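Q: okay, sequence plus prediction incoming.
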Amino acid sequence: MTSEGLTVTQRDQLMVEQEVGKIYALFSELPPSSKSILLELQRDEHQEYLKRGLSILPPSFASLDANRPWLCYWILHSLALLDGYIEPEMEDAVVDFLSHCQDPGGGYGGGPGQMPHLATTYAAVNSLITLGGSRSLSSIDRGALYTFFRKMKQPIGGYRMHDGGEVDTRACYTAISVASILNLLDDELVKDVGSYILSCQTYEGGIAGEPGSEAHGGYTFCGLATMILIGEVDRLDLPRLVDWLVFRQGVECGFQGRTNKLVDGCYSFWQGGTLTLMESLHQLFHGDGLSDSSQSDASELSGDEGHATHDHSCSSHGPENTMASINLRDTSYNFIHGRRKGGPLFDSLALQQYILLCSQLRDGGLRDKPGKNRDFYHTCYCLSGLSASQYSSSKDLESAPLPQAVLGPYSNLTEPVHPLHNVLLSKYHDARDYFALG
Ligand SMILES: CC(C)=CCC/C(C)=C/CC/C(C)=C/COP(=O)(O)OP(=O)(O)O
Ligand SMILES: [Zn+2]
């Protein structure tokens, strides 16, 4: 309890609400011309900030920092979202650096010579896909990576982050997302993963890192995206999940990561992006309720030809939703080609307002909330959330949104992203073509 009789959480919440409230009150009193200036995405400034970060990354291979594939991904993906240009020498330097992080036994470590880890593998592979081109894509040793995935796979369902590491929803997502985009997904990699994720859905409806833990936005994205990629999303309690998600957008217009916690710009993607996944599911399962599916919608998600197939039987949430035979090669592709007909599940303009007015720094970079510093992680996930919200009302992901879906000038429009992998849609297609025969 504080001296005012509030808990620390209530006091912090009040302070954030007041801070954000002041920003919005000042904004509302401005003339329209000043308003549009403040709502501009500071494209050039963000690119300068990001490129400065990239230029100090690759040369120092000796550093012990275990996060550098992540830094590569956060910076490269942010630049890609902004349609930024990277010099070819820099692209080559990043490919070389990531090759030094690749373990001969498969997977990528946090730096050269470090033990392979699923999270840094996801970051490295998404970085290489974002760079694109055959030099970058051919540097990925897919055969060894498959061996690494099989080593991390646990007999009871989930994945371990690294040898001797924790089993959690992140590990499932990073393994399944990478296996899917590299065309490595098969029945062995998928076996019982759905049951593990299902055991992480909590009484609130969101998804936790491990069974028995608290539902959290980051893990909820990981859990839902995994279930879609393995063709088992109908096993989740989707109505309860959507209930939990919609209440995470607060008075500040941004999202919190979990119940009774503070708004944070990175949840623009973890929660906002998850809601855009739910919007697509809502349309694929196009009844009034999310659990009301039809066989034709289910086959739209699963595809009806291909190599790896995966049988599963539904548990508690409606055996009528069972997709008897899933084409694992095409779940990701079919998902983005599903029809999008329904209405929004969150206030996407309000979210864009939080990102542009509260997270964005006018001299470049984005942040968690007012009072915090910018960093590459928040820059990446605020921009990813901005893209997800700008495209959330589009009928399909490949067509440009209407001007009214983009807050501020239309030049704020970012590039569209594959919502399950969080790489640019165009780069996803290039990778899919490149690895088609694998
Ligand atoms: C692809 C991949 C590896 C995804 C990771 C997903 C992700 C962001 C998980 C979040 C982890 C977590 C419990 C943060 C809570 O931090 P906190 O207690 O500081 O924040 P909070 O107060 O907002 O909950
Ligand atoms: Zn954050």
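A: Okay, I see it. Residues are numbered from 1 along each chain as shown. Ligands and ions are numbered 1, 2, ... in the order given.

Q: residues in contact with residue 209?
A: Taking Cβ atoms under 8 Å, 6 or more residues apart in numbering, we find residue 209 in contact with 168-170, 200, 216, 219. All C-beta spots, glycine's among them, are computed from the backbone N, C-alpha and C.

Q: now those residues in CSV, with neighbour count, distance to ligand 1 and secondary structure?
A: Putting these into CSV (neighbours: other Cβ atoms under 10 Å; distance: Cβ to the nearest ligand atom, whole Å; DSSP: H, G, I helix; E, B strand; the rest coil) gives the following:
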residue, neighbour count, distance to ligand 1, secondary structure
168, 23, 9, coil
169, 29, 8, helix
170, 22, 4, helix
200, 24, 12, helix
216, 23, 5, coil
219, 27, 6, helix
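
Q: any chance of a markdown table for those residues, columns distance to ligand 2 and pLDDT?
A: Listed next are the contacts of residue 209 as a markdown table, based on distance: Cβ to the ion, whole Å; pLDDT from 0 to 100:
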| residue | distance to ligand 2 | pLDDT |
| --- | --- | --- |
| 168 | 18 | 98 |
| 169 | 17 | 98 |
| 170 | 15 | 98 |
| 200 | 21 | 98 |
| 216 | 11 | 98 |
| 219 | 14 | 98 |
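
Q: closest to residue 367 among those residues?
A: residue 216 (20.0 Å; Cβ to Cβ).

Q: isn't residue 338 up against residue 280?
A: Yes. Under the criterion of Cβ atoms under 8 Å, residue 338 makes contact with residue 280 at 5.6 Å.

Q: how near is residue 249 to residue 275?
A: 8 Å (Cβ to Cβ, to the nearest Å).

Q: find residues that contact each of these two.
A: Common neighbours of residue 249 and residue 275 (Cβ under 8 Å, 6+ apart) are residue 346.

Q: hmm, back to that, look at residue 338 and residue 280 and report which has more neighbours.
A: Taking neighbours as other Cβ atoms under 10 Å, residue 338 and residue 280 compare with residue 280 leading, 22 against 18.

Q: is it true that that one lies in a helix?
A: Yes. Counting by DSSP: H, G, I helix; E, B strand; the rest coil, one finds residue 280 located in a helix.

Q: could you check how far it is from residue 56?
A: On the measure of Cβ to Cβ, residue 280 and residue 56 end up 38 Å apart.

Q: out of the contacts of residue 209, flag the one nearest to residue 111.
A: Closest approach to residue 111 among the contacts of residue 209 (Cβ to Cβ): residue 170, at 19.4 Å.

Q: so who does the nearest residue to the closest one once chain neighbours are set aside touch?
A: Using Cβ to Cβ, 6 or more residues apart in numbering and skipping the chain neighbours, the partner closest in space to residue 170 is residue 222 (5.2 Å). By Cβ under 8 Å, 6+ apart, residue 222 lies in contact with 169-170, 172-174, 207.

Q: check residue 179 too.
A: Residue 179 makes contact with 146, 149, 185, 189 under the criterion Cβ under 8 Å, 6+ apart.

Q: now those residues in TSV, with pLDDT, neighbour count and secondary structure?
A: Output for those, formatted as TSV (pLDDT from 0 to 100; neighbours: other Cβ atoms under 10 Å; DSSP: H, G, I helix; E, B strand; the rest coil):
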residue	pLDDT	neighbour count	secondary structure
146	98	19	helix
149	98	25	helix
185	97	27	coil
189	97	22	helix
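
Q: the residue nearest to residue 170: which element?
A: Using DSSP states H and E, residue 222 sits within helix 217-229.

Q: gap between residue 381 and residue 420?
A: Applying Cβ to Cβ to residue 381 and residue 420 gives a distance of 15 Å.

Q: what do you get for residue 245?
A: Computed as Cβ to Cβ, the residue 245 to residue 420 distance reads 16 Å.

Q: so where's the protein shaky on pLDDT?
A: In the predicted model, the chain carries pLDDT under 70 at residues 1, 3, 58-64, 283-325, 339-342, 437-438.

Q: please, where are all the strands along it?
A: Per DSSP state E, the chain carries strands over the ranges 309-310, 326-327, 417-418, 423-424.

Q: and of those, who's closest to residue 260?
A: Ranking the strands of the chain by proximity to residue 260 (Cβ to Cβ) places strand 417-418 first, at 29.8 Å.

Q: ok, residue 140 touching residue 131?
A: No. In this structure, residue 140 is not within contact of residue 131 by Cβ under 8 Å, at 11.3 Å.

Q: can you report how many residues neighbour residue 34?
A: Residue 34 has 11 nearby residues by other Cβ under 10 Å.

Q: any idea how far ligand 2 is from it?
A: According to Cβ to the ion, to the nearest Å, residue 34 stands 29 Å off from ligand 2.

Q: same deal with residue 254?
A: The gap separating residue 254 from ligand 2 is 10 Å, by Cβ to the ion.

Q: next, give phi and psi for that residue.
A: Taking degrees, to the nearest 10, you get phi -90, psi -170 for the backbone angles of residue 254.

Q: ok, the nearest residue in space to it that is not next to it in sequence - contacts?
A: Of all residues not flanking residue 254 in the chain, residue 354 sits nearest, at 3.6 Å (Cβ to Cβ, 6+ apart). Counting by Cβ under 8 Å, 6+ apart, residue 354 makes contact with 20, 252-254, 263, 265, 268.

Q: identify the farthest-apart pair in the contacts of residue 222.
A: Pairwise across these, and taking Cβ to Cβ, the largest span is found between 174 and 207, at 14.8 Å.

Q: so between those two, which is more surrounded?
A: More crowded of residue 174 and residue 207, by other Cβ under 10 Å: residue 207, with 29 against 25.

Q: what's the distance between the closest residue to the more buried one other than its chain neighbours and residue 206?
A: Excluding its sequence neighbours, the residue lying closest to residue 207 (Cβ to Cβ, 6+ apart) is residue 223, at 3.4 Å. Note on residue 223: its distance to residue 206, by Cβ to Cβ, is 9 Å.

Q: related to what we said a few turns ago, I'd like to know which of the contacts of residue 354 is nearest to ligand 2.
A: The closest of the contacts of residue 354 to ligand 2 turns out to be residue 265 (Cβ to the ion; 6.3 Å).

Q: which residue sits closest to the closest one, ignoring its sequence neighbours?
A: For residue 265, the closest residue by Cβ to Cβ, 6+ apart turns out to be residue 359, at 3.7 Å.

Q: pull out the buried residues from stretch 40-47.
A: Across stretch 40-47, burial judged by 16 or more other Cβ atoms under 10 Å covers 41-42, 46-47.

Q: may I see the strands of the chain arranged in JSON lines, with distance to ligand 1 as well?
A: Formatted as JSON lines, the strands of the chain follow (distance: least, Cβ to the nearest ligand atom, whole Å):
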{"stretch": "strand 309-310", "distance to ligand 1": "23"}
{"stretch": "strand 326-327", "distance to ligand 1": "23"}
{"stretch": "strand 417-418", "distance to ligand 1": "14"}
{"stretch": "strand 423-424", "distance to ligand 1": "12"}
